[in-house]
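K.L.:
Mind folding the following:
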Amino acid sequence: MPSIIQRIKAYTHTQAFRLILALLFLFMSALTAGIVNQVSDTRWGATRPAFDPPLADFFDVLPNLNSKSAAVDALLLSLMGGTVVGMLIISPTWETRGIIFRRLGWIVGLLYLYRALTISVTTLPASIAGCQPQDIYSKSAAKVVGDAFALIVGAVHTCTDLVYSGHTMVFVTCAIQWRLYCKHKWVAWYVYLHSTAGIFMIIITRFHYTVDCVIGLFVTYGFWSIYMGTVRMAMERMRYIHDHEEAMAVSAWEKNDEDYQRVAYTPRMMNSGLVRIVVWLDALDIRWKEVYNENGFRPPRSPSTGANSHATLSDVPMQEAHVV
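P.N.:
Numbering: from 1, shown residues only. Alright, predicted model coming up:
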């Protein structure tokens, strides 16, 4: 019978364990961002001049609907709730639900951390005239933590959590989920319209400057594109390894592939280590090993020893496989 330590070690190599880590990472990232928002407000409140009007914005020509700012949170929370419930419904198994929410945990957590960085390095004046900033020094530690999470659901607002827009980040993330996992295009198109309306309301209610939303849109889309593109790259490389025994050979690497270099010309491969990281975060190594065991795939043959290497996504040097 395995010992307790062996059981714990075995559990750390499961998809459930990595899902828990992803959700904890999201929790801590959101907490960090919420605290940083309050620190930014405190810094602005201590240094702003007596008259500190909002910066000029492209959409200043539109009516100021700041009194309708509650509509932004209503649009956001309705889409968030619909997305969570929708993903639970349309996902065929608990394993696929775990995949979706694990990705959300890692990527949204990274987006929160990056947003905390951009807010902390430069403080912009409030986009709403007369906004009263938070003062972190006047609160207890428990109040600071509570307000950090209240910021997420719109129960509390700060003045300077601007670049980039967290609301835009969530709108775009929800739209991407429906684009990735929903087979009904009309549902995805509704979510696109819902998200677009939400981002437009952010701007005309002066919740954010336009630049906050523009940056938030492209940063969020960029994070998701890099992650999902890396997932696809890892899968293509692993499938090639199992289909071509010679894929383990150094000569098969893109770096030494004459045809590849003639077309793409990348003598040094960029982000080669990123594949290994995403493989672990997404638990591709675990799922590939399960598929290998179920279907009896023959592992690639090592060109140097002639022996089966029993390689998986976690222990195969990803840069040694050819992308097709």
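K.L.:
drop to CA atoms for contacts and neighbour counts, all remaining ones
P.N.:
Fine.
K.L.:
Tell me the buried residues in stretch 181-192?
P.N.:
Going by neighbour count (16 or more other C-alpha atoms under 10 Å), the buried part of stretch 181-192 is Cys182, Ala188, Val191, Tyr192.
K.L.:
show me what contacts the third one?
P.N.:
So that's Val191. Contacts for Val191 (C-alpha atoms under 8 Å, 6 or more residues apart in numbering) come out as Leu79, Cys174, Ala175, Trp178.
K.L.:
Check for me that the last one belongs to a strand.
P.N.:
Right, the one you point to is Trp178. No - judged by DSSP: H, G, I helix; E, B strand; the rest coil, Trp178 forms no part of a strand; its state is helix.
K.L.:
Check the burial of it by counting its neighbours.
P.N.:
Residues lying near Trp178 (other C-alpha atoms under 10 Å) number 22.
K.L.:
how much space between it and Trp106?
P.N.:
Taking C-alpha to C-alpha, to the nearest Å as the measure, Trp178 and Trp106 are separated by 18 Å.
K.L.:
swap in the second one?
P.N.:
As for Cys174, its distance to Trp106 is 15 Å (criterion: C-alpha to C-alpha).
K.L.:
ok, back up a step: which two of the contacts of Val191 have the greatest separation?
P.N.:
Greatest spacing in the contacts of Val191, by C-alpha to C-alpha: Leu79 and Trp178 (10.9 Å).
K.L.:
Enumerate the positions of the lowest-mean-pLDDT helix or strand in the chain that are buried.
P.N.:
Lowest mean confidence among the helices and strands of the chain (mean pLDDT, DSSP states H and E): helix 4-11, at a mean of 76. By neighbour count with 16+ other C-alpha under 10 Å, helix 4-11 contains no buried residues.
K.L.:
With stretch 23-43 instead?
P.N.:
Neighbour counts over stretch 23-43 (16+ other C-alpha under 10 Å) mark 23, 25-27, 29-43 as buried.
K.L.:
What of stretch 82-100?
P.N.:
Neighbour-count burial for stretch 82-100, counted by 16+ other C-alpha under 10 Å, picks out Thr83, Gly86, Met87, Leu88, Ser91, Gly98, Ile99, Ile100.
K.L.:
how much space between Gln132 and His157?
P.N.:
Distance from Gln132 to His157, by C-alpha to C-alpha: 10 Å.
K.L.:
Give me the more crowded residue out of these two.
P.N.:
Between Gln132 and His157, counted using other C-alpha under 10 Å, His157 has the larger neighbour count: 20 against 13.
K.L.:
Pretty sure the more buried one sits against Leu151.
P.N.:
Yes - here His157 reaches Leu151: they are 5.9 Å apart, a contact under C-alpha atoms under 8 Å.
K.L.:
residue ranges with poor pLDDT in this protein?
P.N.:
Applying pLDDT under 70 to the chain picks out residues 1, 50-51, 67, 240-255, 294-324.
K.L.:
circling back: out of the buried residues of stretch 181-192, which is nearest to Leu284?
P.N.:
Set against Leu284, the nearest of the buried residues of stretch 181-192 by C-alpha to C-alpha is Cys182 (21.2 Å).
K.L.:
For that closest one, give me its contacts.
P.N.:
Ile90, Ala188.
K.L.:
Just give me the neighbour total for the closest residue to Val279 other than its chain neighbours.
P.N.:
Of all residues not flanking Val279 in the chain, Asp285 sits nearest, at 6.2 Å (C-alpha to C-alpha, 6 or more residues apart in numbering). Per other C-alpha under 10 Å, the neighbour tally for Asp285 reads 24.
K.L.:
so Asp285 is in which element?
P.N.:
Using DSSP states H and E, Asp285 sits in helix 284-295.
K.L.:
Show me which positions of that helix end up buried.
P.N.:
Under the neighbour-count criterion of 16+ other C-alpha under 10 Å, helix 284-295 has Leu284, Asp285, Ile286, Arg287, Trp288, Lys289, Tyr292 buried.
K.L.:
okay if I get those residues as CSV plus distance to Arg7?
P.N.:
Below are the buried residues of helix 284-295 laid out as CSV (distance: C-alpha to C-alpha, whole Å):
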residue, distance to Arg7
Leu284, 21
Asp285, 19
Ile286, 17
Arg287, 19
Trp288, 22
Lys289, 19
Tyr292, 23
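K.L.:
Could you say which helix or strand holds the residue lying closest to Asp135 once chain neighbours are set aside?
P.N.:
Of all residues not flanking Asp135 in the chain, Thr42 sits nearest, at 4.8 Å (C-alpha to C-alpha, 6+ apart). Secondary structure from DSSP H and E places Thr42 in helix 15-47.
K.L.:
Going by contacts, tell me the helices and strands next to that helix.
P.N.:
Applying 3 or more C-alpha pairs under 8 Å, 6 or more residues apart in numbering; DSSP states H and E, we find helix 15-47 packed against helix 94-121, helix 141-152.
K.L.:
quick one, the helix or strand following that helix and helix 94-121 angle?
P.N.:
Next in sequence after helix 15-47, counting helices and strands by DSSP H and E, comes helix 70-90. Helix 70-90 runs at 150 degrees relative to helix 94-121, counting by axes from the mean of the first three to the mean of the last three C-alpha atoms, to 10 degrees.
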